[in-house]
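Novice: fold the following and give me the result.
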Amino acid sequence: MKNPMLEALSLLLEKLLLISNFRLFSSGAPAEDKARSIFHEINSFHRGDVLEVPRTHLTHYGIYLGDNRVAHMMPDILLTLKDYKELTQKVVSNKRLILGVIGRVASVRVDTVDDFAYGAEILVNHLDKSLQMKALLNEEVARRAEKLLGTTTYSLLWNNCEHFVTYCRYGSAVSPQADKFCENLKIIIRDQRSVLASAFLGLTSIICLGLASYTTLPAIFIPFCLWMAG
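Specialist: Next up, the predicted model:
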């Protein structure tokens, strides 16, 4: 039986990661409207390679399947619709992606190299060096990716595009990006200033909303947990 407190904490962590890594209120032009001028040497890619591109503050990953095709996990809010097949054939825009992250729904889909790159430069098998893990044979990597094609649940911390490619490439689903966020969160929690800030916010909520269980309990419980964790 799942612990409701752990589920709530996991959801909170994911939303914090979403807020910290996405520019929700960017003043620039939408990414989907920008010209894609970068040329990619597709002939240099091999079936089973891990392709890596920067996406806003996060890095996006995919598995090259050959013939200008890339399998990658993409959150997409349109997947929640019943008749979504025709709608989701187009490239996933940033708005659809962000809403898909919030809705925790995604698919492992196949796009062209240019659509996958979204106008960014591509790194090939960079994870091999950074993770220092032994890669499976390229054909096995590609077959693993093809078996996972279709809709899936999405989680920034537990099941993202990096988990997908590391499972396919190395046989173990890991995400250094998510791990780094958790480490940074530990640093924040251990900082005693977090205790004072949470206590101040709790006291403010009690003053503004009055003494009630939904204000008093969090005002006491959260600073206490932060204090013990520190």
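Novice: give me the phi and psi for the nearest residue to Ile77 once chain neighbours are set aside.
Specialist: Leaving aside its sequence neighbours, Ile77 sits nearest to Leu99 (Cβ to Cβ, 6 or more residues apart in numbering; 3.6 Å). Using the backbone N, CA and C atoms, a C-beta is placed for each residue, glycine as well. Dihedral pair for Leu99: phi -70, psi -30, per degrees, to the nearest 10.
Novice: surely Leu99 touches Leu81?
Specialist: No. The pair Leu99 and Leu81 does not pass the contact test of Cβ atoms under 8 Å, sitting 11.8 Å apart.
Novice: and the two? Which one has more around it.
Specialist: Leu99 (16 against 11; other Cβ atoms under 10 Å).
Novice: all strands of this protein, in order?
Specialist: 50-55, 58-66, 69-75, 105-112, 123-124, 150-153 (DSSP state E).
Novice: pipe these into TSV and attach mean pLDDT, mean neighbour count and distance to Ser172 per row.
Specialist: Below are the strands of the chain laid out as TSV (pLDDT from 0 to 100; neighbours: other Cβ atoms under 10 Å; distance: least, Cβ to Cβ, whole Å):
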stretch	mean pLDDT	mean neighbour count	distance to Ser172
strand 50-55	91	20	14
strand 58-66	94	22	15
strand 69-75	95	23	16
strand 105-112	94	20	17
strand 123-124	94	15	20
strand 150-153	93	12	18
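Novice: among those, which comes closest to Asn94?
Specialist: The closest of the strands of the chain to Asn94 is strand 50-55. By Cβ to Cβ, the value is 8.5 Å.
Novice: dump the strands of the chain to a markdown table, plus distance to Phe164.
Specialist: Formatted as a markdown table, the strands of the chain follow (distance: least, Cβ to Cβ, whole Å):
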| stretch | distance to Phe164 |
| --- | --- |
| strand 50-55 | 10 |
| strand 58-66 | 7 |
| strand 69-75 | 4 |
| strand 105-112 | 6 |
| strand 123-124 | 17 |
| strand 150-153 | 9 |
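Novice: among those strands, which is nearest Lys180?
Specialist: Per Cβ to Cβ, nearest to Lys180 of these: strand 58-66, 11.0 Å.
Novice: which of the strands of the chain sits closest to Arg144?
Specialist: strand 58-66 (8.0 Å).
Novice: avg pLDDT for stretch 81-94?
Specialist: The pLDDT scores in stretch 81-94 average 74.
Novice: could you tell me the end-to-end distance of that stretch?
Specialist: 18 Å (Cα to Cα, to the nearest Å).
Novice: repeat that for stretch 148-161.
Specialist: 12 Å.
Novice: just stretch 99-115 next, same as before
Specialist: Stretch 99-115 has an end-to-end distance of 19 Å (criterion: Cα to Cα).
Novice: give me the contact list for it.
Specialist: Residues external to stretch 99-115 that are found in contact with it (Cβ atoms under 8 Å, 6 or more residues apart in numbering): 14-15, 18, 22, 36, 40, 42, 45, 51, 64-65, 68-80, 88, 91-92, 122, 145, 148-156, 164.
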